[in-house]
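**Q** Coordinates for the following, if possible.
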Amino acid sequence: MSTKRTLMLANVLFRIAYGAGALFSPTKMAAARLAAAANAQPQARLFVRGFGAHQVSVALLGLASRRWQRIERPAAAAATAIDVADMISAVVEAHERQAWDADLIGGLVFSAAGVASAGGALLTGR
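**A** This next block holds a predicted model:
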């Protein structure tokens, strides 16, 4: 398996694992400190589910790129762009809070891993 495909597979597997957990079990994800506390507030639960769905959607695009090679670059570019946008939102939120809380740092690390794997796949020739 090529380096590009290995990087994208890692990206896809991580997104599916996290995304499915957030989509289907936001309260358990919050209890594991992998998502915002969602049990008492329906709006927070909806946000966590939506973020999970966004991760699963990007993962499905990545999976499709394994079957249809012509969408490998667009899938990697989309995954990278979404993670860069998430990193920007974390920086904006940190500025608003005037602090780097654990959830912001965790989100930044999660997104940086996505940029590293999908961006790496995007930059890798084979």
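**Q** Helix or strand: which one has Leu13?
**A** helix 3-24 (DSSP states H and E).
**Q** mind listing what's buried in that helix?
**A** By neighbour count on 16 or more other C-beta atoms under 10 Å, the buried set for helix 3-24 is 4-5, 7-12, 14-16, 18-23. No exception for glycine: its C-beta is placed from N, CA and C like everyone else's.
**Q** what about Glu96, neighbour count?
**A** 8 (other C-beta atoms under 10 Å).
**Q** which stretches of the protein have low pLDDT?
**A** The chain contains residues with pLDDT under 70 at 1, 38-40, 125-126.
**Q** Can you list the residue ranges for helices in the chain?
**A** In the chain, the segments counted as helices under DSSP state H are 3-24, 26-31, 42-67, 72-97, 102-114, 120-123.
**Q** Would you check how far apart the closest residue to Leu7 other than its chain neighbours and Ile88 are?
**A** The shortest distance from Leu7 to any non-neighbouring residue, by C-beta to C-beta, 6 or more residues apart in numbering, is to Ala121 (3.9 Å). Counting by C-beta to C-beta, to the nearest Å, the gap from Ala121 to Ile88 is 21 Å.
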